[in-house]
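[1] Fold the stuff below for me.
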Amino acid sequence: METPDYNVLHIGPEHDHKLDPVIVAAVKKTYLSRAMLGVGIGVMFLGLLIYHQTITRSVSKNDSYITTLIDEVGSLSQENFILAQQMESQEAVLQSIESEFSGVLDAISAAGGDPAVVESIFGELFVGTGESLDLQISEPVTLATDDSTFDVLVLGTNGAHTDTIMVASINESTEQINMISIPRDLYINGRRINDYYTYYGADQLERMVHSVTGLEIDRFIQVDLDGFVEIVDIVGGLDISVPETIYDGSYPNAYGGYAPYYVEAGMHHMDGASALKYARSRKSTSDFDRAARQQDIIDSLRTKVVQLDSVMEMKELTEVFQTGLAYTTTDISLLDAVSFYYDYREFDLQTGFVISTDNYLYSIINESGAYILLPSAGNFESIHGAVDDLVNE
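    Numbering: from 1, shown residues only. This next block holds a predicted model:
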């Protein structure tokens with residue numbers, strides 16, 4: 001008898017073991033644990049990154065404070081050293097005076113107090129000195145009056161640092177504008193003057209400029225490197241007279257190295273990039289020469305704007321001012337800028353006043369190795385007097 005063929009359709013699991021649910025749950029739990037572990041590692045890494053950045057910023061900030069403190073301590077030591085030298089010098093003078101008057105007293109004693117002899121002795125003391133016995137009361141130093149001029153602080157900056165500090169002092173009664181340049185390395189109240197902009201901003205720098213010049217700053221305008229290039233290009237470049245050939249083999253390029261800069265003496269038409277190099281180059285000259293060139297650039301820029309005024313409608317010229325102000329930081333509004341231009345465009349612009357070691361300053365290297373400039377008179381009164389004569393003549 002033949003066995004019949006059967007087709008059997010099996011539906012359902014091959015087996016149903018009681019451990020199957022346990023195994024599935026364990027696998028799911030393992031995947032979930034790994035996922036949570038990955039998330040935890042990511043969060044921890046992010047926290048470490050934020051902590052590292054915070055520590056880095058804190059260390060950088062502390063480094064700045066420490067550097068400033070070292071500089072100030074070095075300056076204080078240097079000032080104490082100078083004071084000690086002055087005291088020694090004064091002591092020597094007093095000893096000399098004491099010796100001379102001891103001889104005078106001996107002579108008076110020997111003369112028996114005769115008035116004629118005493119007068120003759122004191123007269124001989126002043127022979128050839130050009131001085132008289134009459135006491136003269138010196139006149140007080142005249143400071144520049146805040147209300148006599150309208151003063152604008154002009155800053156050229158590179159990031160958080162300012163290398164160019166100028167004051168445009170406008171005297172409406174004399175119809176004259178005087179440019180005054182202050183060197184960045186001038187030391188005042190324990191630090192270089194340009195550090196006040198870096199650490200405290202334009203407001204504090206204005207106070208220091210007032211202390212140096214006696215001028216009350218009414219407005220300020222700050223232009224960075226890129227803004228300077230754009231402004232010069234906006235007006236179509238500048239015509240600048242170069243008094244002496246310049247070769248600067250250490251002019252910085254954009255890659256942390258150097259690109260030699262060369263310009264011959266004579267008249268040049270410079271675009272923004274060329275004018276910037278001319279304004280910044282200093283290795284083959286000095287900071288004081290550079291300050292004088294920067295004043296010449298201001299003069300050339302003013303001349304160019306006046307030339308544009310002769311061929312432009314007021315609306316077009318206003319657009320030039322608006323574009324220029326877009327590349328600056330200033331407390332001068334567009335309306336004020338246009339108004340100032342029309343009020344002062346005919347005024348005589350005087351350049352060339354640079355406070356330097358050729359007139360009111362001397363240079364030293366303090367104990368921390370920093371190059372600084374100090375007033376030769378020990379204070380800024382002589383500069384106040386010179387500025388007052390300049391802006392009110």
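[2] so where's the stretch 151-300 of the chain shaky on pLDDT?
    For the stretch 151-300 of the chain, no stretch is flagged by pLDDT under 70.
[3] what's in contact with stretch 279-297?
    Contacting residues not belonging to stretch 279-297 are listed as 156, 163-164, 166, 179, 181, 183-185, 228, 238, 240-241, 246-251, 261, 275, 278, 351-352, 354, 356-358 [C-beta atoms under 8 Å, 6 or more residues apart in numbering]. (Glycine included, C-beta is placed from N, CA and C.)
[4] Is it possible to mark the buried ones in these?
    156, 163-164, 166, 179, 181, 183-185, 228, 238, 240, 246, 248, 251, 261, 275, 278, 351, 354, 356 (16 or more other C-beta atoms under 10 Å).
[5] Return the subset of the residues you listed lying in helices.
    Members of these lying in helices (criterion: DSSP state H): 228, 275, 278.
[6] What are the boundaries of the helices in the stretch 251-393 of the chain?
    With DSSP state H, counting those that start in this stretch as the criterion, the stretch 251-393 of the chain has helices at 272-280, 287-311, 314-326, 334-344, 381-392.
[7] How about the third one, which residues are buried there?
    It stands for helix 314-326. For helix 314-326, the buried set under the neighbour-count rule, 16+ other C-beta under 10 Å, comprises 317, 318, 320, 321, 324, 325.
[8] same question, the last one
    With burial defined by 16+ other C-beta under 10 Å, the residues of helix 381-392 counted as buried are 383, 384, 385, 386, 387, 388, 390, 391, 392.
[9] what's the most distant pair in those residues?
    383 and 392 (14.6 Å; C-beta to C-beta).
[10] can I get the CA coordinates of stretch 225-242 in CSV?
    The C-alpha trace of stretch 225-242 is given here as CSV (Å, rounded to 0.1, in the frame of the first residue of the first chain):
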residue,chain,number,x,y,z
LEU,A,225,43.0,100.1,8.5
ASP,A,226,40.3,98.7,6.2
GLY,A,227,38.2,101.8,6.7
PHE,A,228,41.1,104.1,5.8
VAL,A,229,41.6,102.2,2.5
GLU,A,230,37.9,102.4,1.6
ILE,A,231,37.6,106.1,2.4
VAL,A,232,40.6,107.0,0.2
ASP,A,233,39.3,104.8,-2.6
ILE,A,234,35.8,106.4,-2.3
VAL,A,235,37.1,109.9,-3.1
GLY,A,236,39.2,108.5,-6.0
GLY,A,237,42.6,108.5,-4.4
LEU,A,238,44.9,111.3,-3.0
ASP,A,239,47.6,113.5,-4.5
ILE,A,240,50.4,113.4,-2.0
SER,A,241,53.8,115.2,-2.1
VAL,A,242,56.5,112.8,-0.8
